[in-house]
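# no FASTA, just this:
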């Protein structure tokens, strides 16, 4: 099942179903992709307006377009990556556990699957967070008629950040490796301590 090849209606129906995937991680990636796309739209509107006036487009806005376009493609890939990773966790839980050897192998497989499942949501959070600086630039230099779109993008990116964080944290609950957990929680905390204030600061710009 390739999520990114589904229609919007099919995707949201899959989320609505009783299946564990696609879940919050894939939805967070979709949120990030929409936030990046909105920022790209504002860049294009701003650049096109300058071009029509015979003015050289602002360098920062042009650079922002390249950045958000690349990020949008990464988010699209993470929609499927997150669901694929968590599917491997569910597969690990289905491994046989009749003998002591099978139980030990199953335990290791579950731990490793959970570790792998933390990577896509962390990537979603980090990528979404990295685009907030671009949003702040567009709040100042973007077309004034499109600032509402920048604000919506900020909210979508905020959701992507927290959606990724929540999915990292719940996967860490299934991991016994203290060093791995400590490292991952440190990376998550580096994002969460500033995300909401940063978004508020951006939304107040104009």
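Happy to help now that I have it. Just so you know, these numbers come straight off a predicted model, no measurement behind them.

# how about the lengthiest helix in the chain: buried residues?
As assigned by DSSP state H, the longest helix anywhere in the chain is helix 59-93. For helix 59-93, a neighbour-count test (16 or more other CB atoms under 10 Å) marks 61, 64-65, 67-68, 71-72, 74-76, 78-87, 89, 92 as buried. The way it works is simple: take the backbone N, C-alpha and C, and place the C-beta from them, glycine included.

# now do the same contact list for the residue nearest to the spatial centre of the chain.
For the chain, the residue nearest the mean C-alpha position is residue 124 (2.8 Å; CA atoms, centre = their mean). Neighbouring residues of residue 124 by CB atoms under 8 Å, 6 or more residues apart in numbering: 25, 28-29, 32, 75, 78, 82, 160-161, 163-164, 167.

# identify the residues contacting the residue at the greatest distance from the centre of the chain.
Using CA atoms, centre = their mean, the residue of the chain lying farthest from its centre is residue 99. It sits 39.9 Å away. By CB under 8 Å, 6+ apart, residue 99 lies in contact with nothing.

# and the helices in this structure?
8-16, 24-52, 59-93, 100-117, 119-130, 132-141, 147-172, 178-192, 195-203.

# nearest to residue 2, of the ones you listed?
Among the helices of the chain, the nearest to residue 2 by CB to CB is helix 59-93 (6.2 Å).
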